[in-house]
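[1] next one to model:
(2 chains)
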Number of protein chains: 2
Amino acid sequence: MKAVCLISGGPDSAVAAALAKREGYELYCLSFNYGQLASKELESAKKIAQSLGAKEHRVVDISFLRDLYGSGVTALTDSSMRMPEQFEPSIIVPFRNGVMLSIAAAYASSVGAEAIFYGPQLDDAKYYPDCRKEFVSAISRAISLGTDSRLQVKNPLADMSKAEVLKLAVELGVPLEQTWSCYCSGEIHCGRCESCRNRKNAFRVAGISDPTIYLE
Amino acid sequence: MKAVCLISGGPDSAVAAALAKREGYELYCLSFNYGQLASKELESAKKIAQSLGAKEHRVVDISFLRDLYGSGVTALTDSSMRMPEQFEPSIIVPFRNGVMLSIAAAYASSVGAEAIFYGPQLDDAKYYPDCRKEFVSAISRAISLGTDSRLQVKNPLADMSKAEVLKLAVELGVPLEQTWSCYCSGEIHCGRCESCRNRKNAFRVAGISDPTIYLE
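    Predicted coordinates:
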């Protein structure tokens, strides 16, 4: 039983992959370079794949997305834009996760996997359309029809808050200290961007000691 | 009114794009290098975009698919495999069109297009799951939900045979002599592969003089 696990380097996707492992799947991890400023997240993804004993970990370059978006669309790939401290449309990377899931489907077909594990949680779903349950159901159906198979997308964290995901991470032994959330390009977490604020807040709400070193 | 048109270099997608033009859309054409042996098709795509007066034509490199598939999966990217003369599963490139449509959705979001034109026809739908109407409806819904917009995928040739598509091409003034169908890497159409056979046959059935030069 094989599963393709999308791992970004962040805690959520690491927990989704750890759940796949607990369910007995052999893990084929997949990460993306999409031109993100946060190059550290791929280093984290590599460590997470290793710690989960993944059979494979592929990194696919989809930095063509940055060229397609051009400038002024998303602060996550455009260093000339201000990185927001709260949610703003400028941190949406349009249909990025749809592209990633489609590539995951191609990869899953070639290795014979029957599931794709995808880690959006409830707090993301408020803001990011490609993190919502309705989207996941729709793309799962498209993938099954388009591959003429029973391949499906699983989003096991869909009903959990980020704080609940962190609690589950501790239960599953996910190495949270190796995960990366910051949107910026620094050597340590900036502590100020929307993603760092969400991370800090979730650790606080979960009552878990935060192992992250923040710039501020 | 803007439309992203997926153009492969073949006659079907050229006709779908010509229909978008007739409906009054400004065309943003999109083609892919997916590691196909048939590099000629991208030259054809460029000519077609020019002849349709496209506002833009982007070529995106998704040749990472070839690496993900590895060897022995599809004869369209693996030169060590025999190129079939009739339909066989080895000419399916798993979920390739799903990946292309997802990237088209990201591109459409960034240019503000409201439709993606996609050109599969009835004869393809028999064999290729990602050419079927049910798949197109499902991915269209996923794209709309995932971009939180009314962006939709249109497949105007879904109920036409390839011969009917060629007749429509003549009516719309599509330069059929500039289109490319062959799966192989030659300078002219091989005349033997499944795609060349379909092309020849469709011209014959349509009663249109075939401008293609075939090796045999």
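
[2] so in chain A, where's the weakest helix or strand by average pLDDT?
    Lowest mean confidence among the helices and strands of chain A (mean pLDDT, DSSP states H and E): helix A:64-69, at a mean of 84.

[3] any residue of that one touching chain B?
    Yes. Contact of helix A:64-69 with chain B (CB under 8 Å from any CB of the partner chain) involves A:F64, A:L65, A:D67, A:L68, A:Y69. The C-beta positions use only the backbone N, C-alpha and C, and glycine is treated the same way.

[4] now the very next helix or strand once past that helix - C-alpha only, PDB.
    Going down the chain from helix A:64-69, the next helix or strand is helix A:96-111, by DSSP states H and E. C-alpha atoms of helix A:96-111 as PDB (Å, rounded to 0.1, in the frame of the first residue of the first chain):
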ATOM      1  CA  ARG A  96      -0.500  26.500  -6.500                       C
ATOM      2  CA  ASN A  97      -1.900  23.600  -4.500                       C
ATOM      3  CA  GLY A  98      -4.000  22.500  -7.400                       C
ATOM      4  CA  VAL A  99      -0.900  22.300  -9.600                       C
ATOM      5  CA  MET A 100       0.900  20.300  -6.800                       C
ATOM      6  CA  LEU A 101      -1.900  17.800  -6.400                       C
ATOM      7  CA  SER A 102      -2.000  17.300 -10.200                       C
ATOM      8  CA  ILE A 103       1.700  16.500 -10.300                       C
ATOM      9  CA  ALA A 104       1.200  14.300  -7.300                       C
ATOM     10  CA  ALA A 105      -1.500  12.400  -9.300                       C
ATOM     11  CA  ALA A 106       1.000  11.800 -12.100                       C
ATOM     12  CA  TYR A 107       3.600  10.600  -9.700                       C
ATOM     13  CA  ALA A 108       1.100   8.400  -7.900                       C
ATOM     14  CA  SER A 109       0.100   6.800 -11.200                       C
ATOM     15  CA  SER A 110       3.600   6.000 -12.100                       C
ATOM     16  CA  VAL A 111       4.500   4.400  -8.700                       C
END
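
[5] quick one: check the helix or strand following helix A:96-111 for contact with chain B.
    Next along the chain after helix A:96-111, taking DSSP H and E as the criterion, comes strand A:115-117. No. Using CB under 8 Å from any CB, strand A:115-117 never reaches chain B; the gap is at least 11.1 Å.

[6] so how far is strand A:115-117 from its chain's centroid?
    13 Å (CA atoms, centre = their mean, to the nearest Å).

[7] swap in stretch A:23-34?
    11 Å.

[8] wait, does that stretch contact chain B?
    No. Using CB under 8 Å from any CB, stretch A:23-34 never reaches chain B; the gap is at least 8.7 Å.

[9] before we move on, what about stretch A:96-109?
    Yes. Residues of stretch A:96-109 contacting chain B under CB under 8 Å from any CB: A:R96, A:N97, A:G98, A:V99, A:L101, A:S102, A:I103, A:A105, A:A106, A:Y107, A:S109.

[10] dump the helix or strand where A:Q50 lies to PDB, keeping only the CA atoms.
    According to DSSP H and E, A:Q50 maps onto helix A:40-51. Provided in PDB are the C-alpha atoms of helix A:40-51 (Å, rounded to 0.1, in the frame of the first residue of the first chain):
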ATOM      1  CA  LYS A  40      14.700  26.700   4.000                       C
ATOM      2  CA  GLU A  41      11.400  24.900   3.800                       C
ATOM      3  CA  LEU A  42      12.800  22.400   1.300                       C
ATOM      4  CA  GLU A  43      15.700  21.600   3.700                       C
ATOM      5  CA  SER A  44      13.000  20.900   6.300                       C
ATOM      6  CA  ALA A  45      11.000  18.800   3.900                       C
ATOM      7  CA  LYS A  46      14.100  16.600   3.300                       C
ATOM      8  CA  LYS A  47      14.700  16.100   7.000                       C
ATOM      9  CA  ILE A  48      11.000  15.200   7.600                       C
ATOM     10  CA  ALA A  49      11.000  12.700   4.800                       C
ATOM     11  CA  GLN A  50      14.100  11.100   6.300                       C
ATOM     12  CA  SER A  51      12.700  11.000   9.800                       C
END
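
[11] now what about the least confident helix or strand of chain A, what contacts it?
    Outside helix A:64-69, the residues within contact range by CB atoms under 8 Å, 6 or more residues apart in numbering or on different chains are A:34-35, A:77-78, A:93-94, A:96, A:99, B:58, B:60-62, B:103, B:106-107, B:110.

[12] go again with 7 Å.
    A:Y34, A:G35, A:T77, A:R96, A:V99, B:R58, B:V60, B:D61, B:A106, B:Y107, B:S110 (CB atoms under 7 Å, 6 or more residues apart in numbering or on different chains).

[13] OK, contacts around the residue of chain A most remote from its centre?
    What lies farthest from the middle of chain A is A:D148; by CA atoms, centre = their mean that is 26.2 Å. A:D148 is in contact with B:P129, counting by CB under 7 Å, 6+ apart.

[14] flag the shaky bits of chain A, pLDDT-wise.
    A:71-73, A:75-76, A:87-92 (pLDDT under 70).

[15] scan it for its longest strand.
    In chain A, assigned by DSSP state E, the strand with the most residues is strand A:26-33.

[16] which other helices and strands contact it?
    strand A:2-6, helix A:11-22, helix A:40-51, strand A:56-61, helix A:96-111 (3 or more CB pairs under 7 Å, 6 or more residues apart in numbering or on different chains; DSSP states H and E).

[17] so which bits of chain A are right by chain B?
    A:58, A:60-61, A:64-65, A:68-70, A:73, A:94-96, A:98-99, A:102-103, A:105-107, A:109-110, A:129-130, A:132, A:134-135, A:138-139, A:141-143, A:145-148 (CB under 7 Å from any CB of the partner chain).

[18] buried stuff in the longest strand of chain A?
    A:L27, A:Y28, A:C29, A:L30, A:S31, A:F32 (16 or more other CB atoms under 10 Å in any protein chain shown).
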